[in-house]
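J.: Sequence plus the predicted model coming up.
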Amino acid sequence: MVIIMKDETKALRNLCNGMSLATRVLQIGVVVMTVSLGWYAITSPEGYADLISPMTTNGKVTITPAITAALVSLDVMTSVLMLAGLQTIWTFFQSLGREKPFSANLAILLRRAGIFALSLWGATWLSDTLSLPLLTAYNPPGEHKFAIGFGSYDFGMLLIVGFLFTMGHAFVLASRIHNELEQVV
């Protein structure tokens, strides 16, 4: 039987409190950036076009209200997924500071964080892939662009997401075994 010392428990609580705070700050930042970018896109389409034109190779984009709506919708979609994932992470840190480190609830939250991370990666990849053709849809013939990318960053993210999900799943199984052993003893 492993005994967790009071100093270790206090250190874990302090770490969880710090990570909870950092997660909340990041959530606030995501909301502020999403609302600000959406507001800027609606109130200043030309400025918004200048802001996002570096995403294209020649810098030429044609923004219409429909394209602006589509781009803002893609941004909101990824932001909502990010906020949901960050809320799961915040709940994980809050619970970890109060519960046993190997509880079933924590394991499920860890696995759920992996699922949100995979969803966010997919949504970001889709958003990046769709943004370029949207931005150049009304350009003159020959200046339309489309690109699909999968590089080392994507590969690394998928490995990290896979690790997070796998560890969460392993902890779910371990917590079940732990609970069964506690009932036997």
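T.: Thanks, I have it.
J.: now the helices for the chain?
T.: Using DSSP state H, the helices found in the chain span residues 6-43, 45-52, 65-96, 104-135, 152-184.
J.: helices or strands up against the shortest one?
T.: I take that to be helix 45-52. On a contact count with 3 or more CB pairs under 8 Å, 6 or more residues apart in numbering; DSSP states H and E, helix 45-52 meets helix 6-43, helix 65-96. No exception for glycine: its C-beta is placed from N, CA and C like everyone else's.
J.: The ones you listed into JSON lines, with extra columns for mean neighbour count and distance to S119?
T.: Below are the helices and strands packed on helix 45-52 laid out as JSON lines (neighbours: other CB atoms under 10 Å; distance: least, CB to CB, whole Å):
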{"stretch": "helix 6-43", "mean neighbour count": "13", "distance to S119": "15"}
{"stretch": "helix 65-96", "mean neighbour count": "17", "distance to S119": "5"}
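J.: Which among the ones you listed is found nearest to E143?
T.: Nearest to E143 among the helices and strands packed on helix 45-52 is helix 65-96; the distance by CB to CB comes to 14.8 Å.
J.: Can you pull out the low-pLDDT segments for this protein?
T.: Within the chain, the stretches with pLDDT under 70 are 1-6, 55-59, 99, 101-102, 185.
J.: In it, which residue is most central in space?
T.: Centroid-nearest residue in the chain, with CA atoms, centre = their mean: M82, separated by 3.6 Å.
J.: Distance of that residue relative to A123?
T.: 9 Å (CB to CB, to the nearest Å).
J.: Over to L74?
T.: Taking CB to CB, one finds L74 at 8 Å from A123.
J.: Using TSV, lay out the helices and strands packed on helix 45-52 together with distance to Y153.
T.: Below are the helices and strands packed on helix 45-52 laid out as TSV (distance: least, CB to CB, whole Å):
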stretch	distance to Y153
helix 6-43	19
helix 65-96	16
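J.: For F150, which of these is the nearest?
T.: So among the helices and strands packed on helix 45-52, helix 65-96 is nearest, using CB to CB, at 17.4 Å.
J.: Test my guess that L164 contacts A113.
T.: Yes: assessed by CB atoms under 8 Å, L164 is found in contact with A113 at 6.2 Å.
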